[in-house]
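1. build me a structure from this.
(one chain, ligands or ions: 1)
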Amino acid sequence: MQCEQFRELISAYIEQSIAPPLAAKMEEHAAGCRTCRTELEDVQQVWRMMSEVRLVEPPASLHARIMQEVADRAPATPALRWWELAWRPRFAFAAAAVLMVAALILWSRNVQTDAIALSVVTSAGSPVAPIKATALPARFEPFRVETGHLRWMLKMSASIPTAIEVSTETQPVWSGVVGRETTLVLPQVPSASVLAVQVRWDDGNVLRAWLPVELAQEERRPVLILRSKSIEETLSAISRAYAAPLVLVGEADPLTRVNLETTGVALSEMLKELAEKLNLEISRAEDGTTVLTAR
Ligand SMILES: [Zn+2]
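-> Next up is the predicted model:
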């Protein structure tokens, strides 16, 4: 800032009618320029004195005399200085919007967005062992009960009679032989969590699902920080954060550890990177559930 501009802005500064970033620039200039600092202090002192002067009733003719004086001295078309313009109410909103945009640009430069930091440590050749079955014998479907709460059901079908065991993290849910389509209503999702379901069929194949309490209505881009988690814990946390159902087909290596840090990343983008690291294939079931299958 130049001294000349500083002097022009002194009154506006004292009145606090200039934009905060400009005021900050003035303070910066005053800190480094003795002349301007002195001038600012002088004007501030005059203003203080003026505010301390008791008001007296002016003579009736004073107003007319002042207005005449102003009319005589003022240039024919007074040019508005830009900051006067900017801080008139009519323009204040536009000016505030411009400042806000500037602030957002500065902010977004400081904050790292759309970042994925991911590392996978695995002892096994394949972090998720592929299943032997060729067809997925189960799918999950959400439905709403009268209270409006979201519940999940599991629909299973097998071309040849297959013994299937269904359990959650905490309890067995069902076991039996599935031939034609069998529908099972799953227990209520614990609040603020996800329902983790395991479906195991008789040839040793296993499928895991993480079903959220509520499905996201719009795309979420949460911040996720996971340190040294198992594959199951990682997928559970992702399902919770994104409010999206996830299914993992194949047995996860229990020793594999995942570190994950994301900011402002879409689910599809994040899963793409994770699937690549874990050697998984991503597909989308017709109900929107993301299915991760070992290659
Ligand atoms: Zn100066």
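
2. mind listing what's buried along the helix or strand harbouring L9?
-> For L9, the element it lies in under DSSP states H and E is helix 3-14. Across helix 3-14, burial judged by 16 or more other Cβ atoms under 10 Å covers 6, 9-10, 12-13. Using the backbone N, CA and C atoms, a C-beta is placed for each residue, glycine as well.

3. CSV for those, including pLDDT and distance to T35?
-> Formatted as CSV, these follow (pLDDT from 0 to 100; distance: Cβ to Cβ, whole Å):
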residue, pLDDT, distance to T35
F6, 92, 9
L9, 88, 15
I10, 88, 12
A12, 83, 19
Y13, 89, 16
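
4. can I get the residues you listed in CSV with distance to the ion?
-> Putting the buried residues of helix 3-14 into CSV (distance: Cβ to the ion, whole Å) gives the following:
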residue, distance to the ion
F6, 5
L9, 11
I10, 11
A12, 16
Y13, 13
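
5. output the lowest mean pLDDT helix or strand found in the protein.
-> helix 82-86 (a mean of 45; mean pLDDT, DSSP states H and E).

6. now the helices for the protein?
-> Counting by DSSP state H, the segments of the chain that form helices are 3-14, 20-32, 34-52, 60-73, 82-86, 89-110, 231-242, 267-278.

7. low pLDDT regions in the stretch 1-150 of the chain?
-> 50-63, 65-67, 69-113, 133-137 (pLDDT under 70).

8. quick one: name the residues of it near the ion.
-> Taking Cβ under 5 Å from the ion as the contact definition, the stretch 1-150 of the chain meets the ion at 3, 33, 36.

9. the same query, at a cut-off of 8 Å, please.
-> 1-3, 6-7, 29-30, 32-37 (Cβ under 8 Å from the ion).

10. now, of these, which are buried?
-> Judged by 16+ other Cβ under 10 Å, buried ones among those: 6, 29-30, 33, 36.

11. now do the domain split for the chain, please.
-> Using automatic domain parsing, the domain ranges for the chain come out as 3-74, 115-294.

12. just say which of the ones you listed is most tucked in.
-> Counting by mean count of other Cβ atoms under 10 Å, domain 115-294 has the highest mean neighbour count of the domains of the chain, with a mean of 16.

13. go ahead and confirm V199 touches I131.
-> No. Between V199 and I131 there is no contact under Cβ atoms under 8 Å: 11.0 Å.

14. between these two, which contacts overlap?
-> 206-207 (Cβ atoms under 8 Å, 6 or more residues apart in numbering).

15. need the max-distance pair from the buried residues of helix 3-14.
-> For the buried residues of helix 3-14, the farthest-apart pair by Cβ to Cβ is F6 and A12; their separation is 11.0 Å.

16. can you list contacts of stretch 193-200?
-> For stretch 193-200, the external contacting residues (Cβ under 8 Å, 6+ apart) are 137-138, 140, 152, 154, 156, 164-169, 173, 186-189, 206-213, 232, 236, 239-240.

17. pLDDT on it, on average?
-> Regarding stretch 193-200, the rounded mean pLDDT is 91.

18. and if you look at stretch 205-220?
-> For stretch 205-220, mean pLDDT rounds to 89.

19. only alpha carbons, please: show it as CSV.
-> Taking C-alpha atoms only, stretch 205-220 is exported to CSV below (Å, rounded to 0.1, in the frame of the first residue of the first chain):
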residue,chain,number,x,y,z
ASN,A,205,-17.3,-69.7,0.4
VAL,A,206,-18.0,-66.5,2.3
LEU,A,207,-19.6,-63.2,1.6
ARG,A,208,-19.6,-60.1,3.9
ALA,A,209,-21.9,-57.2,3.8
TRP,A,210,-22.0,-53.8,5.6
LEU,A,211,-25.4,-52.3,5.6
PRO,A,212,-25.8,-48.7,7.0
VAL,A,213,-28.6,-47.4,9.2
GLU,A,214,-29.6,-45.0,6.5
LEU,A,215,-28.8,-44.6,2.9
ALA,A,216,-27.2,-41.3,1.8
GLN,A,217,-29.6,-39.2,-0.3
GLU,A,218,-26.8,-37.3,-1.9
GLU,A,219,-23.2,-38.0,-2.5
ARG,A,220,-21.1,-37.7,0.6
